[in-house]
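Student: What would the 3D arrangement of this be:
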Amino acid sequence: MSDGETAETLGQLLHGTARAWRQKLDQRLKPMGLSQAKWRTLMHLSIAEDALTQAEIAGRLGVEEPTVVTLLHRLEREAWITRTNSPHDRRCKMVLLGRRAQRVIAQIKATADKLRHELLAGIPDSDLQTCMRVLARIRDRAEKDERRESSARQPSARVLAEHNGQTKQGHSIPRKRTFRGVTGGCK
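Tutor: The predicted model follows:
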C-alpha cells in the first residue's frame, strides 16, 4: 500500500469508526429519548466547568451556530437545558443543564462506559496507548493548522483601527473603550 493509500484508508477508518461508535451509542440511548444531537450537547454541558454560550456549544459540536440554536430551542422546550442571559454580555445566552438532564447524565455516562468496555475488550493496553498517541498527534496537528488559518483570516485589531478609526476628513476618532473582537456577538 502506498503512503497516499495508507493515509486515505486511515481517514476512512477514523471516520467510519467514530460514526459506528456514535450510532451504537445512539441505539442504546434512544429509549431514554436522546438523539445523538441531544446526548452530545448534554455531555458537553456536563463536562464544562461553567455554563457555555451557544457559540461555544456550536464549536464543540462542530456545527454552525444557527443549527445549535434550533437544537437548543428544542432541548429547552423539553426541559433538558435552561438558558439565561450572560451577566457580562446581554447578547449572549448561557446554557446550563436542566433538572431533567442532571438526572440522566449518570445514565448516559454509564451506558457510554459499558459500550466503550465492550468495544475495546480484548485489545491489548499497549495497542490502545499507541493508538491514542498517534491520534493525539494527528489531532494536535489539525488543530494547530486550524488556529493558524483562523488567525490569518481575521485582521488584527490594529489593522481594523487603522482602517476604520478615522473620519472622512482623516481625523482620528477618539476611542471610548478597547476593541475586544473582530466579529460581533458573544463567544
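Student: show me where the protein has strands.
Tutor: Under the criterion DSSP state E, the chain contains strands at 52-53, 81-85, 93-97.
Student: Just give the nearest non-adjacent residue to the most centrally placed residue in the chain, would you?
Tutor: Nearest to the geometric centre of the chain sits Arg60, at 0.3 Å (CA atoms, centre = their mean). Nearest residue to Arg60, sequence neighbours excluded (CB to CB, 6 or more residues apart in numbering): His44, at 4.7 Å. Any C-beta I mention is one placed from the backbone N, CA and C, and that applies to glycine too.
Student: can you pull the contacts of that neighbour?
Tutor: By CB atoms under 8 Å, 6 or more residues apart in numbering, His44 lies in contact with Leu52, Ile57, Arg60, Leu61.
Student: can you tell me which residues contact the first one?
Tutor: Same thing as Leu52. Going by CB under 8 Å, 6+ apart, Leu52 touches His44, Leu45, Arg60, Met94, Val95.
Student: Please go through the chain and pick out the longest helix.
Tutor: helix 125-153 (DSSP state H).
Student: Now for Leu42, how many residues are close by?
Tutor: When neighbours are counted by other CB atoms under 10 Å, Leu42 registers 23.
Student: That one reaches Ile108, doesn't it?
Tutor: Yes - taking CB atoms under 8 Å as the definition, Leu42 is a contact partner of Ile108 at 6.8 Å.
Student: so what's in contact with these two at the same time?
Tutor: Leu34.
Student: sorry, back to before: I'd like the contacts of His44 as JSON lines, with distance to Glu118 and pLDDT appended.
Tutor: Below are the contacts of His44 laid out as JSON lines (distance: CB to CB, whole Å; pLDDT from 0 to 100):
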{"residue": "Leu52", "distance to Glu118": "30", "pLDDT": "93"}
{"residue": "Ile57", "distance to Glu118": "29", "pLDDT": "95"}
{"residue": "Arg60", "distance to Glu118": "26", "pLDDT": "93"}
{"residue": "Leu61", "distance to Glu118": "25", "pLDDT": "92"}
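Student: coming back round to it: so for the residue nearest to Arg60, what's the pLDDT?
Tutor: Here, the pLDDT recorded for His44 equals 93.
Student: Scan the helices and strands of the protein for the one with the lowest mean pLDDT.
Tutor: helix 157-164 (a mean of 41; mean pLDDT, DSSP states H and E).
Student: Domain boundaries for the chain, per the record?
Tutor: 19-121, 123-160 (automatic domain parsing).
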